[in-house]
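K.L.:
sequence unknown, structure follows:
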């Protein structure tokens, strides 16, 4: 997931540098939806494979996912809000 996020970040940053904010926002939101769907699919897999421990595993996965998403949004916001070249 971190590798895919890095690739998406580089692509989105290039879009931002080209001055295409509309496309940037659409692709960024699309990447968030794709990662959310991947997390959902993995959650379903956890529930199906480990019924007794599923509750704790799903809660842990969601906490880590939300922390990762918050970190990603913060990093991206700080990166694009700086002037280019800094």
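P.N.:
Cool, the structure landed. What you see is a predicted model; the values in this text were computed from it and never measured.

K.L.:
residue farthest from the centroid of this protein?
P.N.:
residue 52 (28.5 Å; CA atoms, centre = their mean).

K.L.:
where does that residue land on pLDDT?
P.N.:
Note on residue 52: pLDDT of 90.

K.L.:
do the same with the one 4 residues further on
P.N.:
We note a pLDDT of 91 for residue 56 in this prediction.

K.L.:
before we move on, what about residue 12?
P.N.:
pLDDT for residue 12: 73.

K.L.:
does it touch residue 27 like I think?
P.N.:
Yes - using CB atoms under 8 Å, residue 12 is in contact with residue 27, at 5.8 Å. In this view, the C-beta of every residue, glycine as well, is placed from N, C-alpha and C.

K.L.:
of those two, which one has the most company?
P.N.:
Between residue 12 and residue 27, counting by other CB atoms under 10 Å, residue 12 is the more crowded of the two (20 against 15).

K.L.:
for the host helix or strand of that one, name the packing helices and strands.
P.N.:
Using DSSP states H and E, residue 12 maps to helix 2-17. When contacts are defined as 3 or more CB pairs under 8 Å, 6 or more residues apart in numbering; DSSP states H and E, helix 2-17 packs onto helix 21-49, helix 54-81.

K.L.:
give me the three-state assignment for the residue farthest from the centre of the chain.
P.N.:
Following DSSP: H, G, I helix; E, B strand; the rest coil, residue 52 is assigned to coil.
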